[in-house]
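S.K.: Return atomic coordinates for the entry below.
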Amino acid sequence: MNKIKEKQADQRMRIQNPSSKELRGHQSVRATFRLSEACINAISILSAQLGIKQKSVFDHLLEDAQVLKSMANELGSTIFDDHERIRKTFVISRRSLSYLDTISREYKAPRDALVEFSIRRLFPIVTSERRKHEKRKELLSDISNHVADGEKLLSKAAKMVGKNDPVVYKLKSVISAYKNVLDDIGSFIERGKRLESFDSD
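M.R.: Sure, this is the predicted structure:
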């Protein structure tokens with residue numbers, strides 16, 4: 001009975017444990033592509049805005065083999081214009097690069113074009129984030145006014161019952177926390193300023 005359990009446990013271990021090939025697939029490698037400025041900006045802006053590594057964005061885009069094959073099939077007969085494209089080196093996983101190179105060869109599709117059009121799939125997300133950014137700026141103004149009103153209320157309370165009153169202490173604590181939140185929101189919106197200049201054309 002114990003031997004059966006040990007065998008089952010060993011089988012589960014083999015299923016769950018990644019192979020050395022899978023682990024090598026996650027190794028980081030550097031790859032250089034010629035891309036439009038819009039695509040380079042989209043990768044940079046989106047990774048910063050969402051708080052994820054550029055490598056993770058690339059892996060998400062390039063490890064979807066079916067989408068890559070579909071694009072490669074359409075791009076096979078397309079002439080890819082290198083005009084005004086910029087050489088840029090990125091860190092991606094070895095597996096992503098392998099998928100990209102294999103599909104590029106099989107479908108005779110330019111590798112840079114595959115990357116370019118893969119990144120262009122992100123443009124709607126960047127556009128959506130830009131709209132949210134504008135709304136966040138409006139909210140920041142409202143929140144700032146709210147904090148100012150709270151500070152006026154705190155001042156009024158201190159004059160009415162004294163600055164050492166328990167109610168004033170509690171109100172002061174709330175206003176202080178609110179100001180910290182305001183600063184955090186302001187910093188987040190400041191990081192998103194690059195969204196304002198994003199141009200997908």
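S.K.: what's the residue nearest to Val181 when sequence neighbours are not counted in contact with, if anything?
M.R.: Leaving aside its sequence neighbours, Val181 sits nearest to Ile143 (CB to CB, 6 or more residues apart in numbering; 7.8 Å). From N, CA and C alone the C-beta is placed, and that goes for glycine too. Ile143 makes contact with Val181, Leu182, Ile185, according to CB atoms under 8 Å, 6 or more residues apart in numbering.
S.K.: Tell me how the chain divides into domains.
M.R.: Using automatic domain parsing, the domains assigned to the chain come out as 25-121, 132-197.
S.K.: In a markdown table: those domains, plus mean pLDDT.
M.R.: Below are the domains of the chain laid out as a markdown table (pLDDT from 0 to 100):
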| stretch | mean pLDDT |
| --- | --- |
| domain 25-121 | 88 |
| domain 132-197 | 94 |
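S.K.: what's the most buried one of the ones you listed?
M.R.: domain 25-121 (a mean of 16; mean count of other CB atoms under 10 Å).
S.K.: Which of the contacts of Ile143 fall in helices?
M.R.: Val181, Leu182, Ile185 (DSSP state H).
S.K.: Return the member of the contacts of Ile143 nearest to Leu75.
M.R.: Ile185 (42.1 Å; CB to CB).
S.K.: I'd assumed Leu140 was in contact with that closest one.
M.R.: Yes: between Ile185 and Leu140 there is a contact at 5.8 Å, judged by CB atoms under 8 Å.
S.K.: can you give me the strands for this structure?
M.R.: 28-35, 86-93 (DSSP state E).
S.K.: and of those, who's closest to Ile119?
M.R.: strand 28-35 (7.0 Å).
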